[in-house]
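S.K.: Dropping the sequence and predicted coords here.
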Amino acid sequence: MVGKVAFLLAFVYLMLLISGAARLARGIGTNPITWGLLLVPAAAFVLAAAEGVKLHRTSDPERLSALWRRCAIYSVIAFVLLVAMAYSVIEVNGS
């Protein structure tokens, strides 16, 4: 279940990146700091998704518990970074 949550959060982050690219393609002015902030949670989402894949591919109980914990930790860190990034973007853009 934790792996699926990690995939869901990574998908939400991907949709956020796509919406940012669509905003740029439409010619709406965006602060350059915003693009840097959009990339901050990427590392945690990549790690969470990678652990989620490993979690779904293994059946060893000892390895499952370690992978479950790591996947949950990376997912929580990624989500916190995503929320902090969203708040920062709102503050930077003044929306």
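M.R.: Nice, I can see it. Numbers count the residues shown, from 1 in each chain.
S.K.: Val40: neighbour count?
M.R.: When neighbours are defined as other CB atoms under 10 Å, Val40 has 14 of them. Using the backbone N, CA and C atoms, a C-beta is placed for each residue, glycine as well.
S.K.: who does the helix or strand harbouring Arg63 touch, helix- and strand-wise?
M.R.: Taking DSSP states H and E as the criterion, the element that holds Arg63 is helix 61-93. For helix 61-93, the contact count by 3 or more CB pairs under 8 Å, 6 or more residues apart in numbering; DSSP states H and E identifies helix 2-25, helix 32-38, helix 42-57 as packing neighbours.
S.K.: Can you give me the buried ones in that helix?
M.R.: Within helix 61-93, the residues that qualify as buried by neighbour count (16 or more other CB atoms under 10 Å) are 67-68, 70-72, 74-79, 81-82, 85, 89.
S.K.: so how far is that helix from its chain's centroid?
M.R.: Taking CA atoms, centre = their mean, to the nearest Å, one finds the center of helix 61-93 at 7 Å from the center of the full chain.
S.K.: which residues touch Ser65?
M.R.: For Ser65, no residue counts as a contact, taking CB atoms under 8 Å, 6 or more residues apart in numbering as the criterion.
S.K.: start the count at 859, not 1, going forward
M.R.: Sure thing, new numbering starts at 859, so read that last one as Ser923.
S.K.: ok, now how distant is it from Ile876?
M.R.: For Ser923, the distance to Ile876 under the criterion CB to CB, to the nearest Å works out to 35 Å.
S.K.: in the least confident helix or strand in the chain by mean pLDDT, what's buried?
M.R.: Across the helices and strands of the chain, the lowest-confidence element by mean pLDDT, DSSP states H and E is helix 890-896, at a mean of 76. By neighbour count with 16+ other CB under 10 Å, helix 890-896 contains the buried residues 892, 895-896.
S.K.: Now distance to Val870 too, for the residues you listed, in a markdown table please.
M.R.: Rendered in a markdown table, the data for the buried residues of helix 890-896 read as follows (distance: CB to CB, whole Å):
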| residue | distance to Val870 |
| --- | --- |
| Thr892 | 18 |
| Leu895 | 16 |
| Leu896 | 13 |
